[in-house]
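>>> Got a predicted structure plus its sequence, pasted below:
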There are 2 protein chains.
Amino acid sequence: MAAFRASCLMHRVEAGPLRRFTSQIFAAAGTPADIADTVAEFLVRANLCGVDSHGVIRIPEYIEEIDAGHVKPSERPRIAKQTATTGMIDGRWGFGQPSGVMAMELAVKKARKHGVGTVLAVRTNHIGRVADYTELAVRHNMIGIAMTNCGPAVAPWQGMDKLLGTNPMSFGIPAGKEDPIIADFATSASSEGKIRVMRTKGMALPPGWVLDRDGGPSTDPAVLYEGGVLQTFGIRGYMLNLVVETLGGALTGEGVSDEFKGVNGIFMQAINVKHFTSLRSFTASIDKMVKKMRSSRPAKGFTEVLVPGDPERRTMRERELNGIEINDAIWDSIMQVAKRFGVKPQTTGA
Amino acid sequence: MAAFRASCLMHRVEAGPLRRFTSQIFAAAGTPADIADTVAEFLVRANLCGVDSHGVIRIPEYIEEIDAGHVKPSERPRIAKQTATTGMIDGRWGFGQPSGVMAMELAVKKARKHGVGTVLAVRTNHIGRVADYTELAVRHNMIGIAMTNCGPAVAPWQGMDKLLGTNPMSFGIPAGKEDPIIADFATSASSEGKIRVMRTKGMALPPGWVLDRDGGPSTDPAVLYEGGVLQTFGIRGYMLNLVVETLGGALTGEGVSDEFKGVNGIFMQAINVKHFTSLRSFTASIDKMVKKMRSSRPAKGFTEVLVPGDPERRTMRERELNGIEINDAIWDSIMQVAKRFGVKPQTTGA
């Protein structure tokens, strides 16, 4: 069976070969093999989770960033300063993912000894899904918190100017026998990518996602591309968005609102469960909570109650089995980049 | 001018005399004067901010809790355990407010030396508005985070069983010349108190606030009192709600979901700005952000853009000037309690 099967509008690709193919492209573009592997792993993992906006669709964009000198592929992050409990990573404008990993790993290390570790990162490029980093803390039986400031694309509550990032946050909570709770969400009502997809499909948006160029409410995805703006998810989304601006922009010194100078301004924290209580009783508590949620009676119109992380895990199981579907336009744009670097998608033969 | 002026359906009361009156009631019920003052200060402050559900309306309830032995008025919180960066407060089932104050003050103290201080509190009664504690951190030029688990009243996302608390969170962010950002919100779509008020006024609820006894959506406030249930504020409210269950219930050991044994299970954190960056550049950044939000063009249907904390500050200025309105039914219930303890509302004469 070929690892890459072409269909009329879709390519279905197995995760393993896609990961190697992606890594080879970045390596050919001047990225050390270990960093290329990390970036490839994170992109393909996003596809596996169903978050295609953060998946291999980014390959051409990342290569453009290298061409433009914004991503310095051979640079490695460094610890710029640290204390017993805190740290600051300098991403040196290399790929963002190694900075994110270094930040959370340092936070975990500090939390192991002192209960809570808090690490910021600056001068990083795109770090991808923030959930990838809280999952990293969870693997150490710690609660992980990750958030990142982004460039302005979102209006404040009751406002219409692009003054805030989509500013996502993630919380990871370790369980015992059950799956961990992995929450990951933008503080905007939607990402731009989702709206782009809904536009392509001719779908109407739910109210509260976008304003048109005159600051009026709209359910038409097209208005976003005609001078419109993304909205926060209600007033609470606005509040949380400002928290991310603060922790990822003001505390890091990268700047806030439309004066934010970074790509991602990062705040990460690891909370060591064992420091506060017995790990056994904590994970028993979380297991109980997960079970209670899943066995709750569904509201009308629903068939089940899930916990955060369940939808991604389901998609991952399905895609690990059946491969990842990539549409023709995206696949072509990736193949163009690959061709330029003389990299060919690998087939496993037969 | 009398400090307490009666009208047909409303009493208008000045904050100072109301504070003293409230303190005297709690003192007469066996509360040491300093604790009685703290509780009175927090309740009246809630009224001043416009959060009447957390104001003097609670006096009869707190007295009932004393009668029932749930609030032990003379007990003082203690530090049950601590390290250089973390702590655990035992509220000893005294009034909740002193536990909350002790927790945030301890977090601030730890953060002063180590950058971040994290303190939990257990066996506390109702601590009131969580914003009161993040404001405390802000007064020390620190970012304050406070959240508390509560008894079950809210359904999980897509579910209909009462398995989660209203679980509020607050974030306080110090500014320079501008007002601080004080965000405070429940992770449920609404508090029960707000729905009760809307029911009295014959108002319809926005969609997404409550489910009826059969798990169906409803905009009728009455359904909540006929076997219905509160909802989270969307799927993100559900995610954040589980974070509060975890930090306030599992990490504290007080239990999660409908097995939560506390009244408020508390997580507080202080982040010392100076530890990470220069205080001057941080507050300049926050000032800039606050100004940018407030000067943003309003969306259609709105006249201004605010920052979190503005509405409460406005109400406070108005009520400090004109007094706090308390409706007759609530005032009568407070006067009954006062009478029982032989406490009379003080008039400032003339």
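Right, received. Where do you want to start?
>>> which element is the closest residue to A:Pro308 other than its chain neighbours on?
Nearest residue to A:Pro308, sequence neighbours excluded (CB to CB, 6 or more residues apart in numbering or on different chains): A:Ala183, at 4.0 Å. Yep, even glycine has a C-beta here, placed from its N, CA and C like the rest. In the assignment (DSSP states H and E), A:Ala183 maps to strand A:181-185.
>>> going on from that strand, what's the next piece of helix or strand?
Using DSSP H and E, the helix or strand that directly follows strand A:181-185 along the chain is helix A:192-200.
>>> show me the biggest helix of chain A in terms of residues.
helix A:96-114 (DSSP state H).
>>> so A:Val51 makes contact with A:Glu312?
Yes: if you go by CB atoms under 8 Å, A:Val51 and A:Glu312 touch, sitting 7.3 Å apart.
>>> what number of residues lie near A:Glu61?
Using other CB atoms under 10 Å in any protein chain shown, A:Glu61 has 12 neighbouring residues.
>>> and the strand holding A:Ala183, how far out from the chain's middle?
With CA atoms, centre = their mean, to the nearest Å as the basis, strand A:181-185 stands 10 Å off its chain's centre.
>>> Pull that strand out as PDB, backbone CA atoms only.
C-alpha atoms of strand A:181-185 as PDB (Å, rounded to 0.1, in the frame of the first residue of the first chain):
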ATOM      1  CA  ILE A 181      -8.000  17.000  30.400                       C
ATOM      2  CA  ILE A 182      -6.500  19.200  27.700                       C
ATOM      3  CA  ALA A 183      -8.200  22.500  27.100                       C
ATOM      4  CA  ASP A 184      -7.000  24.700  24.200                       C
ATOM      5  CA  PHE A 185      -8.900  27.700  22.900                       C
END
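>>> So which elements touch it?
helix A:131-138, strand A:169-173, helix B:234-245 (3 or more CB pairs under 8 Å, 6 or more residues apart in numbering or on different chains; DSSP states H and E).
>>> would JSON lines of the ones you listed with mean neighbour count, mean pLDDT and distance to B:Arg58 be doable?
As requested, those are exported to JSON lines (neighbours: other CB atoms under 10 Å in any protein chain shown; pLDDT from 0 to 100; distance: least, CB to CB, whole Å):
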{"stretch": "helix A:131-138", "mean neighbour count": "26", "mean pLDDT": "98", "distance to B:Arg58": "37"}
{"stretch": "strand A:169-173", "mean neighbour count": "28", "mean pLDDT": "98", "distance to B:Arg58": "31"}
{"stretch": "helix B:234-245", "mean neighbour count": "24", "mean pLDDT": "98", "distance to B:Arg58": "21"}
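>>> Let's have these in JSON lines, adding distance to B:Gly262.
Converted to JSON lines, these look like this (distance: least, CB to CB, whole Å):
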{"stretch": "helix A:131-138", "distance to B:Gly262": "25"}
{"stretch": "strand A:169-173", "distance to B:Gly262": "19"}
{"stretch": "helix B:234-245", "distance to B:Gly262": "12"}
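>>> coming back round to it: the residue nearest to A:Pro308: neighbour count?
Using other CB under 10 Å: A:Ala183 sits among 23 other residues.
>>> I'd like the distance between it and A:Ala250.
From A:Ala183 over to A:Ala250 the distance is 24 Å, taken as CB to CB, to the nearest Å.
>>> partners of the helix or strand A:Gly87 falls within, with directions?
Assigned by DSSP H and E, A:Gly87 falls within strand A:86-90. Applying DSSP bridges to the sheet, strand A:86-90 is found paired with strand A:78-82 (antiparallel), strand A:116-124 (parallel).
>>> Check those strands for me and report the most buried one.
Mean neighbour count (mean count of other CB atoms under 10 Å in any protein chain shown) peaks for strand A:116-124 among the strands paired with strand A:86-90, with a mean of 27.
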